[in-house]
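Chemist: here is a sequence together with a model predicted from it:
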Amino acid sequence: MRPKTITVTVLAALTILIALTSIKIITTARNEYLLAEEFFEKNEIPKAVNHYERAVQWFLPFSKTPNQAAEKLWEIAQNQQIQNQNAEALKTCRILRGAFYSVRSFYTPGEKWIHLCNDKIAHIMAMNFFKSREKQEITLAEKKSQYLLLLEAERPPFLFASLMTEIGFLGWVFSAILFIFKALTPEGHFKKRLAILFVSTFLLFYCLWIWGMFNT
């Protein structure tokens with residue numbers, strides 16, 4: 001097989017793989033959102049929150065579903081606060097905030113929602129602080145500012161781990177494709193040296209991919 005043909009084949013296979021992965025993410029996010037909507041209609045809020053969170057975590061930059069799920073989580077937090085369910089509102093805001101942080105790579109998505117949650121979390125925590133003490137030497141606004149400063153502190157993603165995740169993913173995909181096209185003969189036999197090489201690179205890049213995902 002000519003090098004040009006191999007390159008075209010590998011690029012085509014990679015494009016198909018990326019497309020299928022994107023479709024999987026989009027459809028799963030949508031299914032989680034629809035399931036959350038069912039629980040929300042039944043007023044089973046904890047279950048709804050759980051599936052809205054999952055819909056956010058199945059994140060793609062061009063997908064609308066994570067943002068729709070974030071809107072619903074924010075709506076739930078707002079309603080909980082109105083009903084004086086501050087503990088529940090605090091938990092929901094932390095879930096929404098954490099959902100976006102859990103999918104960041106070289107950038108952090110959902111910054112609008114993170115900032116909104118930070119403000120509400122700081123406010124509720126400041127109120128809880130004042131309720132737990134009789135005498136205060138600080139105002140509510142000042143205590144909220146202290147909490148907000150901590151929440152808004154810049155914590156950039158671990159860029160090295162993010163890069164290793166990308167390199168690891170591309171590496172094991174290309175290793176698998178090259179194994180198929182270079183280590184196998186038309187008769188279905190293995191070319192021993194190439195087979196060992198591509199199996200080794202596959203395992204190396206796969207482990208690198210897993211390491212990167214756990215350390216991002």
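Modeler: Arrived safely. Keep in mind the model is a prediction, meaning the values are calculated, not measured.
Chemist: chain center to the helix or strand harbouring Ala126, what's the gap?
Modeler: Element membership of Ala126, judged by DSSP states H and E, is helix 111-131. Averaging C-alpha positions (CA atoms, centre = their mean, to the nearest Å) puts helix 111-131 22 Å from its chain's average.
Chemist: mind listing what's buried in it?
Modeler: 113-114, 116-126, 129 (16 or more other CB atoms under 10 Å). In short, each C-beta sits where N, CA and C put it, glycine included.
Chemist: contact partners of stretch 168-185?
Modeler: For stretch 168-185, contacts defined as CB atoms under 8 Å, 6 or more residues apart in numbering pick out 1, 6, 9-10, 13-14, 17, 190-191, 194-195, 197-199, 201-202, 204-212.
Chemist: and the helix or strand Val8 falls within, what does it pack onto?
Modeler: Assigned by DSSP H and E, Val8 belongs to helix 3-41. Applying 3 or more CB pairs under 8 Å, 6 or more residues apart in numbering; DSSP states H and E, one finds that helix 3-41 makes contact with helix 45-57, helix 65-82, helix 159-182.
Chemist: now the angle from that helix to helix 45-57?
Modeler: 160 degrees (axes from the mean of the first three to the mean of the last three CA atoms, to 10 degrees).
Chemist: compute the inter-axis angle for helix 3-41 and helix 159-182.
Modeler: 130 degrees.
Chemist: could you check how far Val56 is from Ser63?
Modeler: Relative to Ser63, Val56 is positioned 10 Å away (CB to CB, to the nearest Å).
Chemist: neighbour count: the two, which is higher?
Modeler: When neighbours are counted by other CB atoms under 10 Å, Val56 and Ser63 differ, and Val56 comes out ahead with 29 against 16.
Chemist: tell me the contacts of the more buried one?
Modeler: Pro66, Ala69, Ala70, Leu73, Leu96, Ala99, Phe100, Val103, Gly110.
Chemist: follow-up on the earlier one: give the rounded mean pLDDT of the helix holding Ala126.
Modeler: The average of the pLDDT scores along helix 111-131 is 92.
Chemist: shouldn't Asn84 be within a strand?
Modeler: No - assessed with DSSP: H, G, I helix; E, B strand; the rest coil, Asn84 is coil; it does not lie in a strand.
Chemist: would you mind measuring from the residue lying farthest from the centre of the chain to Ala195?
Modeler: In the chain, the residue that sits farthest from the middle, by CA atoms, centre = their mean, is Glu187; the gap is 43.2 Å. For Glu187, the distance to Ala195 equals 14 Å [CB to CB].
Chemist: helices and strands of this protein: which one has the lowest mean pLDDT?
Modeler: The helix or strand of the chain with the poorest confidence is helix 159-182; it has a mean of 81 (mean pLDDT, DSSP states H and E).
Chemist: got the buried residues for that helix?
Modeler: 161-162, 164-165, 168-169, 171-179.
Chemist: follow-up on the earlier one: out of the contacts of stretch 168-185, which are buried?
Modeler: Val10, Ala13, Leu197, Phe198, Thr201, Phe202, Phe205, Tyr206, Leu208, Trp209, Gly212.
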